[in-house]
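[1] I'd like to go over a predicted model; first the sequence, then the structure.
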Amino acid sequence: MKDFIRKAGRLRPLPWQARLVYSVFLVFTLAGLALTAWLTEDMVGLDLGEASSYYAGEEAPAPAGQGGAEGSAGGPTIDFPEEGIEMGAREPMARRKLLEVTHFHLFSMPVYLLILCHLYLLSRASARAKAVWVGIATVSTAAHIVAPWVAATGSAGSLWLYGVSGAGLALAYLVMSVVPLWEMWAPEPPDRS
């Protein structure tokens, strides 16, 4: 940890092989952020309008002409769904799947956060900026891991939690990826001494 209290801006002097390895990781991070946006759009929409139905499920609307309490013979009827009727409906996410997703994210996201923070802390960013971006990334990562559980309850706050944590996560990870990349590969500033 002593490495992080030394003079800032030590990315450019790294050997080119180290810069290449770090750059590959950061480019994969940027690709992962783009894929996350695509996946989010596909699962719940970029406006997060489908988040509650994705996690908590929803009932399919009754097809026209079905669902009445009385049958044609005057007695009750039992409505059995026809094939394809529930195409737009979503089943609630199974607790097992939610546990598996959370398990995976609890082990992978903190590692990603650790690596991004490590690279960002080596940058020339001010101590205040480092504290802010690392703080935003940490809180957003934790909140985003919890967000599916809140959404699974059908809570009204789930949309807010999902949106804010996702935006904070995307922005902080983006900043902590682009700043080190820029410092490692941008043209050197002229010496003003």
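    Ah, there it is.

[2] for the record, mean pLDDT for the helix or strand Lys130 falls within?
    In the assignment (DSSP states H and E), Lys130 maps to helix 127-152. Mean per-residue pLDDT for helix 127-152: 93.

[3] cool, and stretch 16-26?
    pLDDT averaged over stretch 16-26 gives 84.

[4] please identify the buried residues of it?
    For stretch 16-26, the neighbour count (16 or more other C-beta atoms under 10 Å) marks Arg19, Tyr22, Ser23, Phe25, Leu26 as buried. C-beta here means a position set from N, CA and C on the backbone, and glycine is covered the same way.

[5] how close does Ser155 get to Ser52?
    To Ser52, Ser155 is 8 Å away according to C-beta to C-beta, to the nearest Å.

[6] the two: who's more crowded?
    Ranked by neighbour count (other C-beta atoms under 10 Å), Ser155 and Ser52 place Ser52 first, with 21 against 15.

[7] quick one, grab the pLDDT at the more buried one.
    On pLDDT, Ser52 comes in at 77.

[8] isn't it right up against Gly157?
    No: the criterion here is C-beta atoms under 8 Å, and Ser52 misses it with Gly157 at 10.8 Å.

[9] centre-most residue in this structure?
    Nearest to the mean C-alpha position of the chain, by C-alpha atoms, centre = their mean, lies Gly166 at 5.1 Å.

[10] what helices and strands are in contact with the host helix or strand of that one?
    Per DSSP H and E: Gly166 is located in helix 157-185. Packed against helix 157-185 by the contact rule (3 or more C-beta pairs under 8 Å, 6 or more residues apart in numbering; DSSP states H and E) you find helix 16-43, helix 51-56, helix 95-121, helix 127-152.

[11] packing partners of the second one?
    Using 3+ C-beta pairs under 8 Å, 6+ apart, the elements in contact with helix 51-56 are helix 127-152, helix 157-185.

[12] TSV please, covering those and showing distance to Met93.
    Shown next, in TSV, are those (distance: least, C-beta to C-beta, whole Å):
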stretch	distance to Met93
helix 127-152	6
helix 157-185	12
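
[13] show me what the lowest-mean-pLDDT helix or strand in the chain is in contact with.
    Least confident helix or strand, the chain: helix 51-56 with a mean of 79, by mean pLDDT, DSSP states H and E. Applying C-beta atoms under 8 Å, 6 or more residues apart in numbering, the contact partners of helix 51-56 are 43-45, 58, 90, 92-93, 98, 148, 151-154, 158-159, 162.
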